[in-house]
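> could you look at this predicted model? Sequence included:
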Amino acid sequence: CVCVLYVLCADVCRRLLPIYCMVQLLHELSVSAKGKGPKLLKVIKNPITDHLPVGCKKICTSYKAEKCVRLRQYLPKAIGEEPVVFVVGALAHGKIELPWVDEDIAISQYAMSAAGVCAKLTDQFEDLWSIH
């Protein structure tokens with residue numbers, strides 16, 4: 001009985017932790033590590049372009065983008081000496097329309113979650129930079 005209770009509590013905590021982090025972010029405008037650790041999330045003021053590196057290439061990923069690319073072939077060509085910023089679309093329907101984005105790409109012909117897009121991007125950067 002104690003073991004089952006522990007499992008249920010752990011499952012409830014696992015589900016409620018993201019909600020707690022979002023509430024903390026909305027109330028305090030930041031989420032810090034335990035104690036006086038570094039800030040993990042921080043709300044920034046608009047416009048977001050003030051917080052991006054100067055001269056960076058801004059690439060938006062969206063399922064509805066007209067250009068569908070294979071990241072393995074696209075990344076070496078897209079990344080030069082300047083920094084690159086990826087905007088990951090986390091919309092169930094529709095397309096992100098941002099006036100400050102340089103290029104819109106789709107990395108799959110099928111709809112993907114934002115977590116899936118981030119996983120594909122990080123995986124391809126690991127391959128590109130030979131991180132094993």
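Structure received. Numbers count the residues shown, from 1 in each chain.

> so what's the gap between stretch 117-132 and the chain middle?
Centroid displacement of stretch 117-132 relative to its chain, using C-alpha atoms, centre = their mean, to the nearest Å, is 14 Å.

> in that stretch, which residues are buried?
In terms of neighbour count (16 or more other C-beta atoms under 10 Å), stretch 117-132 has its buried residues at 117, 121, 124. Just so you know, the C-beta spots here come from the backbone N, C-alpha and C atoms, and that holds for glycine as well.

> any chance of the residues you listed in a markdown table, with secondary structure, distance to residue 70 and pLDDT too?
Shown next, in a markdown table, are these (DSSP: H, G, I helix; E, B strand; the rest coil; distance: C-beta to C-beta, whole Å; pLDDT from 0 to 100):
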| residue | secondary structure | distance to residue 70 | pLDDT |
| --- | --- | --- | --- |
| 117 | helix | 14 | 90 |
| 121 | helix | 13 | 93 |
| 124 | helix | 9 | 93 |
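
> go ahead and confirm residue 49 touches residue 101.
No - contact criterion C-beta atoms under 8 Å: residue 49 and residue 101 do not qualify, at 10.1 Å.

> show me where pLDDT drops low in the protein?
Scanning the chain for pLDDT under 70 picks out 1-16, 92.

> what ranges does it have for its strands?
Per DSSP state E, the chain carries strands over the ranges 30-32, 39-42, 57-61, 84-88, 103-105.

> returning to that earlier point: from the buried residues of stretch 117-132, pick the one nearest residue 58.
residue 121 (14.2 Å; C-beta to C-beta).

> spit out the contact partners of that closest one.
Residues counted as contacts of residue 121 (C-beta atoms under 8 Å, 6 or more residues apart in numbering) are 61, 71, 86, 88, 107.

> which of those sit farthest apart?
71 and 88 (12.9 Å).

> now render the contacts of residue 121 as CSV, adding neighbour count and distance to residue 44.
Shown next, in CSV, are those (neighbours: other C-beta atoms under 10 Å; distance: C-beta to C-beta, whole Å):
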residue, neighbour count, distance to residue 44
61, 25, 20
71, 20, 27
86, 16, 17
88, 18, 17
107, 21, 26
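
> so which of those comes closest to residue 18?
residue 88 (17.2 Å).

> how about the contacts made by that closest one?
61, 114, 117-118, 121.
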